[in-house]
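Undergrad: below are the sequence and a predicted model; questions follow.
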There are 2 protein chains.
Amino acid sequence: MKRLKGSHPITIISVCFTIFFIAASLSAAGPDDDLMNRAKAVFGPLPASMPSPDNPMTPEKVKLGHILYGEPRISVDGTVSCVKCHPIGLYAVDGLKKAVGNNCKPNPRNSPCIFNAASQISEHWIGNRTSVEDQAKQALIGPPSYGMPSYEAVEKALKGIKGYEALFKEAFPGDRDPVTVDNFAKAVGAFERTLMTPAPFDDFVKGNAKALTAAQKRGLQAFIDTGCMTCHFSPYLGGQLYQKFGVFEPYEKYTKSQAVDEGRFAVTKNPSDRFLFKVPVLRNVAATPPYFHDGSVEKLEDAVLIMAKIQLGKDLTRDQTSDLVAFLQSLTGVIPEAALKVPVLPQAN
Amino acid sequence: MKRLKGSHPITIISVCFTIFFIAASLSAAGPDDDLMNRAKAVFGPLPASMPSPDNPMTPEKVKLGHILYGEPRISVDGTVSCVKCHPIGLYAVDGLKKAVGNNCKPNPRNSPCIFNAASQISEHWIGNRTSVEDQAKQALIGPPSYGMPSYEAVEKALKGIKGYEALFKEAFPGDRDPVTVDNFAKAVGAFERTLMTPAPFDDFVKGNAKALTAAQKRGLQAFIDTGCMTCHFSPYLGGQLYQKFGVFEPYEKYTKSQAVDEGRFAVTKNPSDRFLFKVPVLRNVAATPPYFHDGSVEKLEDAVLIMAKIQLGKDLTRDQTSDLVAFLQSLTGVIPEAALKVPVLPQAN
């Protein structure tokens, strides 16, 4: 082999290695790699947590938040805590069409899954909560949720339970009077910001071609090609924008909804927000029926067919539908070990 | 030393050691040992579990029972599971005066703690359930609890949740059609039979004099001397017999109960059972307010004073009361690690 003029032998070896690796990677690049690369570009990897600059997640705050998440004694009838609508073992949903609050008061919409939820532009189906902290705080006085008459009443109830003072002090060491609803909200929010559920889909995005079945890969391809990912993008496959529900046809025609909900219009009163809802996060969708803002659809197959029809104007084939369902099942993740521990609540006396 | 005629030296050494140990134990026997011995005789040590010959506790059955314990999708409104009235983190009570069932239906009495509960002669305040299995089964069709129209409807709901079939098969390998309400009851019962909560009191009974504070020891002495242990005996400090509530005076005079409940009379229609209630297990009593069959009393101090007054005709001093409360706090036990894990429920589809 003739040495290239002026080249050091090590440089030549480096060039050879580089060429070898490029060739090797090109020869390995099959449909799986194309799909992986597209998935990485459209969705990206799931982060380890969902931090907020406004609410640092200290272990003490997360611990307190986990306890408060299951605390019913600060609700007006003693039965409501975050757990009521978001039980961890049921993938943080209640399985009902619409949530039920204190004294069996009906809630306007279906309980969203709180796993991976802090990642969204806003909370609730119509975005009327700015963050998980805002959601947690407002729920306390929400008439169909905790139903407390005032934040002061919540603080009195919290102070009435021996044991909370020390826990709040540990979580908020700089505060003189730490037992407040704002700190309740921060603690619950910090806990919720830890609730990530990595799934087989993430292993695939990270490069393990065997993490998805053939049907799931076809479903992922269909999810991209059909246009689902136009709205359901980001590592959360949703939660990043509002969209009209029923672009091609009114949703109630297919969902058989009992009543027509005008969505985000209720928040903004802006006519262009009629029928807009936040695009829901699709992680754990297979584990969290029933579907849509009113829980009007039981089966994931039906939800997929309806979405293609009324959002994209497409009639899916049976095979496309079952592939898409298979793909959506690959988004069912692992619930964090720490969240699967029942915290023992402080004693009242 | 003159050798005793015919005695082997080893025998003599043994005799000396025996005398030494008797002397040593006599010299050590102080008030703590007397109290320990009395406590051992009256109460005895807490067993490791509460087995039943009718329902062997296999790990598979306990695992299924733990899952079913938190399963709301088999109740008439999708909101009721064992967890609703007996959340593990709140010491297996709901903290309400009276339990609340499906569609907010009121229950007639206060939720009893299900820890250590399988040890009792019967379940419920008036003994209208023969065992934890019987309680679990009947709750499914109890109008103010799960409220299902029939056992068949429960079985249909269970079979409608993918994942239960395999779990029931594992737990009941001999059954051809294992998804039944009887097996639901056996599984939940087997789980509940594991729920023991050993407490500082048990360490004391086992011989650790430092396990109780001085006030707790005085309280234990008072518990025995005042006569509380006449009804609250066994390792469970209760659950072994029925007793009239209000021996010396009508209970409602002191509890300020809203309505008069005639107790076990409702079950037997026997006039001598008027105002009889099952003597409740006192383990974890400090952690499980409010008190009595109707939750009419909030504070443990008040409950202790009322019990002495109307059951034993005695007016306790302030010191006796606070000692008794201190003793009762030594019955707050450790919740089993396995029960403090949230089981992930099987998916519906």
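TA: Structure's in. What do you need? Numbering: from 1, shown residues only, chains lettered A, B, ... in the order given.

Undergrad: how about the nearest residue to the residue of the stretch 101-250 of chain A found nearest chain B, chain neighbours excluded?
TA: Nearest residue of the stretch 101-250 of chain A to chain B: residue A:104, at 3.8 Å (Cβ to the nearest Cβ). From N, CA and C alone the C-beta is placed, and that goes for glycine too. Spatial nearest neighbour of residue A:104, chain neighbours left out: residue B:104 (3.8 Å); criterion: Cβ to Cβ, 6 or more residues apart in numbering or on different chains.

Undergrad: how close does the one you found sit to residue A:47?
TA: Residue B:104 is 40 Å from residue A:47, where distance means Cβ to Cβ, to the nearest Å.

Undergrad: comparing these two, which residue is more hemmed in?
TA: Remark: of residue B:104 and residue A:47, residue B:104 carries more neighbours, 16 against 13, as counted by other Cβ atoms under 10 Å in any protein chain shown.

Undergrad: looks like the more buried one contacts residue A:103 (just checking).
TA: Yes. With contact defined as Cβ atoms under 8 Å, residue B:104 and residue A:103 form a contacting pair (6.0 Å).

Undergrad: stretch A:57-73 close to chain B?
TA: Yes. Judged by Cβ under 8 Å from any Cβ of the partner chain, stretch A:57-73 comes into contact with chain B through A:70, A:72, A:73.

Undergrad: what about the first one, distance to residue B:155?
TA: If you measure residue A:70 against residue B:155 using Cβ to Cβ, the figure is 30 Å.

Undergrad: re the thing from before, so of the residues of stretch A:57-73 next to chain B, which ones are in helices?
TA: Among the residues of stretch A:57-73 next to chain B, DSSP state H puts none in helices.

Undergrad: who in the stretch 151-300 of chain A is up against chain B?
TA: Taking Cβ under 8 Å from any Cβ as the contact definition, the stretch 151-300 of chain A meets chain B at A:286, A:287, A:289, A:299, A:300.

Undergrad: so the last one sits against residue A:326, correct?
TA: No. Counting by Cβ under 8 Å, residue A:326 is not a contact partner of residue A:300; they are 10.2 Å apart.

Undergrad: in contact with residue A:50, which residues?
TA: With contact taken as Cβ atoms under 8 Å, 6 or more residues apart in numbering or on different chains, residue A:50 is in contact with A:116, A:118, A:119, A:193, A:196.

Undergrad: equivalent analysis for residue A:82, please.
TA: Residue A:82 neighbours (Cβ under 8 Å, 6+ apart): A:68, A:69, A:70, A:114, A:136, A:139, A:188.

Undergrad: how close does the fourth one get to residue B:99?
TA: Distance, residue A:114 to residue B:99, by Cβ to Cβ: 27 Å.

Undergrad: the more surrounded of these two?
TA: More crowded of residue A:114 and residue B:99, by other Cβ under 10 Å: residue A:114, with 25 against 21.

Undergrad: I'd say that one and residue A:92 touch.
TA: Yes. The pair residue A:114 / residue A:92 is scored as a contact, 4.6 Å apart, by Cβ under 8 Å.

Undergrad: the closest residue to residue A:209 other than its chain neighbours - how many residues pack around it?
TA: Of all residues not flanking residue A:209 in the chain, residue A:32 sits nearest, at 4.3 Å (Cβ to Cβ, 6+ apart). By other Cβ under 10 Å, the residues close to residue A:32 number 16.

Undergrad: so which bits of whichever helix or strand residue A:32 is part of are buried?
TA: For residue A:32, the host element (DSSP states H and E) is helix A:31-42. Residues of helix A:31-42 classed as buried under the neighbour-count rule (16 or more other Cβ atoms under 10 Å in any protein chain shown) are A:32, A:35, A:36, A:39, A:42.

Undergrad: tell me the one of these nearest chain B?
TA: Using Cβ to the nearest Cβ, residue A:39 is the member of those that lies nearest chain B, at 23.7 Å.

Undergrad: right, and that closest one touches residue A:205 too?
TA: Yes. Contact between residue A:39 and residue A:205 holds when scored by Cβ under 8 Å: they sit 5.1 Å apart.

Undergrad: roughly how far apart are residue A:324 and residue A:226?
TA: Separation of residue A:324 from residue A:226 (Cβ to Cβ) stands at 8 Å.

Undergrad: what of residue A:233?
TA: Distance of residue A:233 to residue A:226, given as Cβ to Cβ: 14 Å.

Undergrad: give me the mean pLDDT for stretch A:43-51.
TA: Throughout stretch A:43-51, pLDDT has a mean value of 95.

Undergrad: do the same with stretch A:159-168
TA: For stretch A:159-168, mean pLDDT rounds to 96.

Undergrad: likewise for stretch A:110-127?
TA: Average pLDDT, stretch A:110-127: 98.

Undergrad: got it, and stretch A:247-264?
TA: For stretch A:247-264, mean pLDDT rounds to 95.

Undergrad: close to chain B: what parts of the stretch 1-150 of chain A are there?
TA: The stretch 1-150 of chain A comes close to chain B at residues A:70, A:72-73, A:77-79, A:83, A:87-91, A:94-96, A:100, A:103-104, as judged by Cβ under 8 Å from any Cβ.

Undergrad: just the buried residues from the residues you listed, in PyMOL please.
TA: Selecting only the buried entries of those in PyMOL, with 16+ other Cβ under 10 Å as the criterion:
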select buried, chain A and resi 70+72+73+77+78+79+83+87+88+89+90+91+94+95+96+100+104
